[in-house]
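Q: Sequence below, structure please.
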Amino acid sequence: MPVINSRQNPVVRTFRELARQPDATGRRLLLDGAHLIREAIAAGVEFETVAVVASRSAGTEEADVARAADDYGARVLTVSDSVFAAMSPVRAPSGIVAIARREPIDAEEICRQENGFVLIAVDVQDPGNIGSLVRAGEAGGITGVLVCGASASPFSWKAVRGSMGSVLRVPVAAEPTIDAAVSCIRNHGGRVVAAVPRHGHDPDAVSWRGHVALLIGGEGSGLSEADVRQADELVTIPMAEPVESLNVAVAGAILVYAARRQRA
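A: Numbers count the residues shown, from 1 in each chain. The predicted structure follows:
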């Protein structure tokens with residue numbers, strides 16, 4: 001297989017553009033690393049392109065994954081080390097990258113699931129936190145994620161990497177506003193539980209059964225008063241002093257698993 005040596009190759013530009021500007025619909029995802037590409041193969045998604053660096057194209061994990069992708073029917077290319085450095089968005093390139101295609105999912109599909117358990121993330125600005133929330137949500141049995149407001153894109157390479165591949169399997173949609181997300185849940189008979197730092201119910205005292213959405217705010221400020229007023233019920237994670245807050249992904253995981261204890 002010929003090796004691509006030019007950074008001006010159209011394939012290289014495609015990877016760089018997707019790293020710089022994620023697909024807003026989530027149709028195309030940039031995957032970096034052998035683990036994510038294995039996860040994509042297992043999830044049955046389509047590949048647009050897989051690229052492996054020439055220095056790792058034989059006798060390595062990356063070579064094994066490239067071979068598996070080729071057997072799967074993907075278009076697999078070999079590129080020089082310098083070209084790969086331009087294609088991979090990470091500081092320490094992994095050796096293999098891909099562009100995967102997933103079927104876009106809209107908010108209505110997520111909201112109308114019977115007895116759905118939906119996570120609504122509002123103004124979560126760190127893509128790694130978005131990815132971690134999706135990962136914890138999948139592990140805890142959520143049926144979908146709505147990402148709202150000033151949140152990072154759930155389809156950026158950082159969020160995809162943070163999800164460890166969960167975004168390939170969990171229904172995820174970007175909804176412009178919290179009002180639209182809450183209305184979507186309510187229109188399909190769902191209840192909304194908002195996470196607040198104080199004066200909410202203990203997680204185990206909340207009713208998590210049936211069609212319900214967990215509303216969680218971003219780093220620092222959390223949910224606004226207007227956001228909180230849209231909820232049917234408030235939940236607060238008990239914390240020993242002097243701790244007053246938790247990382248949003250940690251808080252989300254605790255609450256998702258509190259809900260799982262009731263819903264399992």
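
Q: now the helix or strand harbouring residue 158, how far from the centre of its chain.
A: In this structure, residue 158 sits in helix 157-162 according to DSSP states H and E. Averaging C-alpha positions (C-alpha atoms, centre = their mean, to the nearest Å) puts helix 157-162 7 Å from its chain's average.

Q: packing partners for that helix?
A: Counting contacts by 3 or more C-beta pairs under 8 Å, 6 or more residues apart in numbering; DSSP states H and E, helix 157-162 is packed against strand 28-32, helix 127-140. Just so you know, the C-beta spots here come from the backbone N, C-alpha and C atoms, and that holds for glycine as well.

Q: 10 Å instead?
A: Using 3 or more C-beta pairs under 10 Å, 6 or more residues apart in numbering; DSSP states H and E as the contact test, the elements touching helix 157-162 are helix 10-20, strand 28-32, helix 34-43, helix 127-140.

Q: can you pull the buried residues of it?
A: 157, 158, 159, 160, 161, 162 (16 or more other C-beta atoms under 10 Å).

Q: Does the second one touch residue 36 like I think?
A: No: the pair residue 158 and residue 36 fails to qualify as a contact (C-beta atoms under 10 Å) at a distance of 11.9 Å.

Q: Let me see the ranges of the strands in the stretch 151-264 of the chain.
A: In the stretch 151-264 of the chain, the segments counted as strands under DSSP state E, counting those that start in this stretch are 172-175, 191-195, 212-217, 233-235.

Q: which residues are contacting the shortest one?
A: The list of residues contacting strand 233-235 from outside it, by C-beta atoms under 10 Å, 6 or more residues apart in numbering, reads 191-196, 198-208, 212, 214-216, 223, 228, 251, 254-255, 258-259.

Q: which of the residues you listed count as buried?
A: 191-196, 200, 203, 206, 208, 212, 214-216, 223, 228, 251, 254-255, 258-259.

Q: Show the pLDDT at residue 90.
A: pLDDT recorded at residue 90 is 89.

Q: which residues touch residue 36?
A: The contact partners of residue 36, by C-beta under 10 Å, 6+ apart, come to 29-30, 65, 94, 96-98, 100, 157, 160-161, 163-165, 167-168.

Q: Show me which of the residues you listed is closest to residue 18.
A: Closest approach to residue 18 among those (C-beta to C-beta): residue 30, at 4.8 Å.

Q: Report how many residues lie close to that closest one.
A: Close neighbours of residue 30, defined as other C-beta atoms under 10 Å, add up to 28.

Q: Any stretches of the protein with poor pLDDT?
A: Counting by pLDDT under 70, the ranges of the chain that qualify are 1-2.

Q: Regarding it, what is its longest helix?
A: Counting by DSSP state H, the longest helix found in the chain is helix 248-263.

Q: same for that one, what does it pack against?
A: Packed against helix 248-263 by the contact rule (3+ C-beta pairs under 10 Å, 6+ apart) you find strand 117-122, helix 127-140, strand 191-195, strand 212-217, strand 233-235.

Q: May I see these organised as JSON lines, with distance to residue 110 added?
A: Compiled in JSON lines, those are given as follows (distance: least, C-beta to C-beta, whole Å):
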{"stretch": "strand 117-122", "distance to residue 110": "6"}
{"stretch": "helix 127-140", "distance to residue 110": "12"}
{"stretch": "strand 191-195", "distance to residue 110": "14"}
{"stretch": "strand 212-217", "distance to residue 110": "9"}
{"stretch": "strand 233-235", "distance to residue 110": "20"}
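
Q: To residue 20, which of the ones you listed lies closest?
A: Residue 20 lies closest to helix 127-140 among those, at 13.4 Å (C-beta to C-beta).

Q: Thank you, goodbye.
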